[in-house]
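Novice: got a sequence here, can you model it:
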Amino acid sequence: MIKAVFFDVDGTLLSFETHEIPASTLNSLKILREKGIKTFISTGRHLHELDGVRAVYEFDGYVMLNGQLCLDSSGKELRKLIFSEEDVMGAVSEAKKNEYPIYFTHGQGEFINMINDDILNICKKLKLEIPAIENPEKALGLDIYQLSACLTKEQEQNLMGSMKSSEMVTWYPGYADIIPKDGGKHEGMRKVGEHYGFAPEEAMAFGDGGNDISMLKAAGIGVAMGNASEKVKLAADYVTDSVDNDGIEKALKHFGVI
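Specialist: Numbers count the residues shown, from 1 in each chain. From the prediction side, this is the model:
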């Protein structure tokens, strides 16, 4: 029996076209709540980047920054996982070269070492604020949960070569998040389940990006959106329609959850 449903945000809950949650999805969320099924966001975003989503629906909890920071609905911290000091130092050293932008996310927000067209395009695509430019050394005094960057293969090798205890997950073409190796949305889902009293096998999960794969595999039912990449679709138990074509509602009805 499904006791909880986890939703990625961009390309799953939110349309890339309208930047809104479709009416069919909102209705499905309300039905899930009426049936006593918990609903959770599972995203690479920070909490302050979810204001628009939370304004239209309040979830039971939040798996953020790809599983590194998890909160219940009251804001109580359920999980916190940050980079090792060595990996932060490696990333700072790479960022100080100013060859490409590296997005540092900490507990209160984020900053970046430089801005280029790739970052401007991503912020525009996702309707996110352009981050403040700061000296990368600022990261040395903060808890850093996640890095994000648009990388060539050579840049990827250089950055990951300086961060031995971290891994990269790609959720949008040409754009990747770097997280601790013990992180991931599946770990966030597990921790939230421990708090609320359900196993991953009793959860359903929706996603469309590479950073959703571990969550889709861990869940009892993993659903890839129709707009997902082929790699994500192959990792899922079921492929539904796109976010703009009522994909979430269709999958929930297909499995008899609503």
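Novice: so where do the helices sit in this structure?
Specialist: 23-34, 51-56, 85-95, 117-126, 153-161, 185-196, 213-218, 230-235, 247-254 (DSSP state H).
Novice: centroid-wise, who is the farthest residue in the chain?
Specialist: Largest separation from the mean C-alpha position in the chain: residue 97, at 27.6 Å (Cα atoms, centre = their mean).
Novice: that residue and residue 103, how far apart?
Specialist: To residue 103, residue 97 is 15 Å away according to Cβ to Cβ, to the nearest Å. Using the backbone N, CA and C atoms, a C-beta is placed for each residue, glycine as well.
Novice: same check on residue 49?
Specialist: From residue 49 over to residue 103 (counting by Cβ to Cβ), the distance is 12 Å.
Novice: please name the bridge partners of residue 169.
Specialist: When assigned by DSSP bridges, residue 169 has beta-bridge partners residue 177.
Novice: one more: residue 110?
Specialist: Applying DSSP bridges to residue 110 gives these bridge partners: residue 105.
Novice: tell me the pLDDT of it.
Specialist: Residue 110 carries a pLDDT value of 93.
Novice: that one touches residue 131, doesn't it?
Specialist: Yes: taking Cβ atoms under 8 Å as the definition, residue 110 is a contact partner of residue 131 at 5.2 Å.
Novice: now do the shared contacts for these two.
Specialist: residue 103 (Cβ atoms under 8 Å, 6 or more residues apart in numbering).
Novice: ok, these two, which is more surrounded?
Specialist: residue 110 (22 against 19; other Cβ atoms under 10 Å).
Novice: apart from its neighbours in sequence, what residue is nearest residue 25?
Specialist: Spatial nearest neighbour of residue 25, chain neighbours left out: residue 248 (4.7 Å); criterion: Cβ to Cβ, 6 or more residues apart in numbering.
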